Structure formats: C-alpha cells, structure tokens
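Undergrad: requesting a structural model of the entry that follows:
(2 chains)
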Number of protein chains: 2
Amino acid sequence: MGEKIISSAVIKRLPRYYRYLNELMLDGIERISSKELSARMNVTASQIRQDLNNFGGFGQQGYGYNVEYLLTEIGKILGLDRENRLIIVGGGHLGQALAGYTSFQKRRFRVMAVFDIDEKLIGTKIGEVPVLDMRDAEAYIRENEIRIAAMTIPKEVAHETAARLVRYGIKAFWNFVPRDLELPDGIAVENVHLTESLMTLSYKMHNLFQK
Amino acid sequence: MGEKIISSAVIKRLPRYYRYLNELMLDGIERISSKELSARMNVTASQIRQDLNNFGGFGQQGYGYNVEYLLTEIGKILGLDRENRLIIVGGGHLGQALAGYTSFQKRRFRVMAVFDIDEKLIGTKIGEVPVLDMRDAEAYIRENEIRIAAMTIPKEVAHETAARLVRYGIKAFWNFVPRDLELPDGIAVENVHLTESLMTLSYKMHNLFQK
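TA: All right, here's what the predicted structure looks like:
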C-alpha cells in the first residue's frame, strides 16, 4: 500500500474516528470541518488535522472532510475493506457472548466457529455459529484460511494453545485471557484484560471520591 | 489516604503489577528483585522502581520486594481491600457473559444483579445473579449502595440511561457501549470498546503482513 509508518498513538485513535464518521454518515452528513468533528469527538481540531495528514490529508481548505471518502479510506487502513474471518477458542460464557455479539460483524468481522474440548458443547450452535472440536482446529483453520483467533480459554492452557494455533496459521490473537501471550515476531496481539479494566475503574472511582 | 497524585500512565500499569504479583504469591514466591520482576513483566527494572516509588518505594536494597506486602498495598490503592458491588445494566449476550464471569469476582468485585426491560428476562437468573426490572433500579441502587454499573445496553439508550443512573447514585461506569458517555464531573468511566480493539488488531495484522 506504500503509506508511511504511522505511530501507534494515531493507530489507537483510528477506530474512534471510524466510529464517529460512521455515525455521521448514518445521520446523512456528507461533509464536516475539522472544527465540527473536533467538537463532537472532544479532541483538538489541530490533532484531527495532524492525525489525518498521516493518510494524505483528506480535507480541503474551506470544504472540510468528505465523510464517506474519509470513512472508506480509514476503513481500508484498518483492513475493513475485506471480510476478516475469525474463530473463537473457548466456548465458555465469554466465548458465547462474543459469538453472539453482532456489533463487530457489521464491520465485516465474521465469526466462523467456536472451538472447545467439552463434549457437551461440541456439535451445538451459538446462534448461527457452530461449536467444533478443538482437535479439528488445524484442518479448519487451513481450509478456511482463518487468520484471527479470539482467545477465551483458561489461562493455564493459553500459552500452549496459542503456540499450536500459530503453527496452524493464525496471525492475530484477540486475547481475553488474563495472561500476556508470548508470541513469535510477526504475530499480532490485542489484549482485552477485563478484570484489569475494572480495577482501573475502581481506582478512578475511589480516587474521585477522595477529592 | 494522603498519597501524592499519580500519573494515569502509572495507574494503567498497576493492575498488571497486581496480576503478576498475585501469580508470584500463588506460586509461593515471597520476595522478588526489581530485576527478576522486570524480566517476567518485560518492562525495565528502572521503570518498575520508578513506578513503585510513587507508593513509597516498597523495596529494600539487597532484599527486593516483599511480594505479599506489595500486593496488599497495590490492592489498597486500587480499592480492592473492600467489596465493590456492581450491577449490570443490559441482560443481552454481553451482560450475561459478565454476570457469569468469575475472574473479577476473585478481586472482590461482586455482581449483585442484572437489570433489563425485557419481561422475558426479568425474574430469571444468570448463574446466581437475578435479572431485575429496570423500573426497580433506583430503589435497588439506593438500598444496596451500588456505586458501579457495567453498561451493556444498546447505544441509542446509553446517554439517557447513564444520566438516570447517576441520579440514582452510580459513581462509576464500566462502559461496553460503543459510544462515549457524557458524564458530570466526579463520575468515573472506563471504556471497553470491543469492536475498536478488534479493528486495532486488524490493523496490526494487515500491517505485519506487509512487512
């Protein structure tokens, strides 16, 4: 694609831009100035201009940004211009919730299957998503060219399972396991540590109370 | 408590220290040097010393850190030395998953009830947790002195519901709704934007592929 290297701070803000632009488009808004966008998003207009300049500066002086164009371009950068298939490894409460969660399916993330080792779960369905035997994961991943795995298994088996999945062809882990996965170079990981986020909230709350 | 103001970057790292120290304690390890802790956590020893110095520097030259003491102190800072009761607002897939998620219950976060408006859900239980009528939320929050609400409702009703919950006494929102809540001063919020984290993962994956 040839674009320059983008800082991870900008990358972290892109999904939020995407969310706001998507809402603007759904509201029928065709263009927006960096000033208006800044007021909505509660960041400075100059930050918006700087961030979006990373991608060739989609705005035009006196016109602002074309919402649909900017949305499409950010979508491409985020890899949302194609279908991203994923599997969920672990069919417990959290795995089931993710399988039934429709919000990210709108962004062309498609949950193909849930894998588990529990005979009682294997063969059932969560909504439309089949629960398959972990022993069939290798063949399934290779045949369906799955690249993303959401990890919702117990932490005790997380390392060993992740290493196996890398051998099967997984390139990206959406990790809900409260453990840092040790992964080889070239494998992407994004952690969602729910208990830690709740602890941070607890800190904020108790600290605000003291003021 | 009287401690000095701590940067938000340090605060974000505290739950991770807590997690590692907890594992050390469960492994029967009584003390650890900043060097050993640094190797395990993959951060520099000097960062560990700096971070922990914010809390009075629990380490001793030539001895290292007492694991249990440090764990207890960080726990206090995070507000984990007391029971933190929470409710879940929205009994869909995600709300049900959180109600059944036991990991944060170990940290003395106790899910008291799930609230919903769906007559089919009200009166049922998710594990041990009752699903109650949203119309009874005010009385319940006041009687049980609930301060934390996990938000797993549709985005269209998020603002209005959050405003009501603040009036009922909620002080902290664990927000899973893909919308930024506008809250009055003194109210804490911690966002878990699942779709955005998946988009970030997608970016990382597609970008690693290009290298």
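
Undergrad: what are the buried residues along the biggest strand by length in chain A?
TA: Of all the segments of type strand in chain A, defined by DSSP state E, the longest one is strand A:109-116. Buried residues in strand A:109-116, counting neighbours by 16 or more other Cβ atoms under 10 Å in any protein chain shown, are found at A:Phe109, A:Val111, A:Met112, A:Ala113, A:Val114, A:Phe115, A:Asp116. To be clear about C-beta, it is placed using only N, CA and C from the backbone, and glycine gets the same treatment.

Undergrad: roughly how far does the last one sit from A:Ile87?
TA: Counting by Cβ to Cβ, to the nearest Å, the separation of A:Asp116 from A:Ile87 is 11 Å.

Undergrad: helices or strands up against the longest helix that chain A contains?
TA: With DSSP state H setting the assignment, residue counts place helix A:8-26 as the longest helix in chain A. The elements that helix A:8-26 packs onto, with contact taken as 3 or more Cβ pairs under 8 Å, 6 or more residues apart in numbering or on different chains; DSSP states H and E, are helix A:34-41, helix A:45-53, helix A:67-77, helix B:194-210.

Undergrad: let's see that with 6 Å instead.
TA: When contacts are defined as 3 or more Cβ pairs under 6 Å, 6 or more residues apart in numbering or on different chains; DSSP states H and E, helix A:8-26 packs onto helix A:67-77, helix B:194-210.

Undergrad: quick one: which of the buried residues of strand A:109-116 is nearest to chain B?
TA: For the buried residues of strand A:109-116, the closest approach to chain B (Cβ to the nearest Cβ) belongs to A:Phe109, at 5.8 Å.

Undergrad: may I have the phi/psi pair for the residue nearest to that closest one when sequence neighbours are not counted?
TA: Nearest residue to A:Phe109 in three dimensions, chain neighbours excluded: A:Asn84, at 5.0 Å (Cβ to Cβ, 6 or more residues apart in numbering or on different chains). Its backbone dihedrals place A:Asn84 at phi -110, psi 110, with angles given as degrees, to the nearest 10.

Undergrad: check A:Asn84 and give its pLDDT.
TA: If you check A:Asn84, the pLDDT there is 94.

Undergrad: can you check A:Gln60 too?
TA: In the predicted model, A:Gln60 carries a pLDDT score of 67.

Undergrad: and what of A:Ile77?
TA: According to the prediction, A:Ile77 has pLDDT 88.

Undergrad: and for it, the neighbour number?
TA: Using other Cβ atoms under 10 Å in any protein chain shown, A:Ile77 has 23 other residues around it.

Undergrad: what's the answer for the one 4 residues further on, then?
TA: A:Asp81 has 13 neighbours, counted by other Cβ under 10 Å.

Undergrad: contact partners for it?
TA: A:Gly75 (Cβ atoms under 6 Å, 6 or more residues apart in numbering or on different chains).

Undergrad: distance of the residue nearest to A:Ser202 when sequence neighbours are not counted relative to A:Tyr203?
TA: On the basis of Cβ to Cβ, 6+ apart, the spatially nearest residue to A:Ser202 that is not a chain neighbour turns out to be B:Gly79, at 4.2 Å. Between B:Gly79 and A:Tyr203 the computed distance is 6 Å (Cβ to Cβ).

Undergrad: which one of these two has more residues nearby?
TA: Comparing B:Gly79 with A:Tyr203 by neighbour count (other Cβ under 10 Å), the higher total belongs to A:Tyr203, at 24 against 21.

Undergrad: picking that back up, how much space between the residue nearest to A:Phe109 and A:Gln105?
TA: Note on A:Asn84: its distance to A:Gln105, by Cβ to Cβ, is 10 Å.

Undergrad: neighbour count winner among the two?
TA: A:Asn84 (23 against 11).
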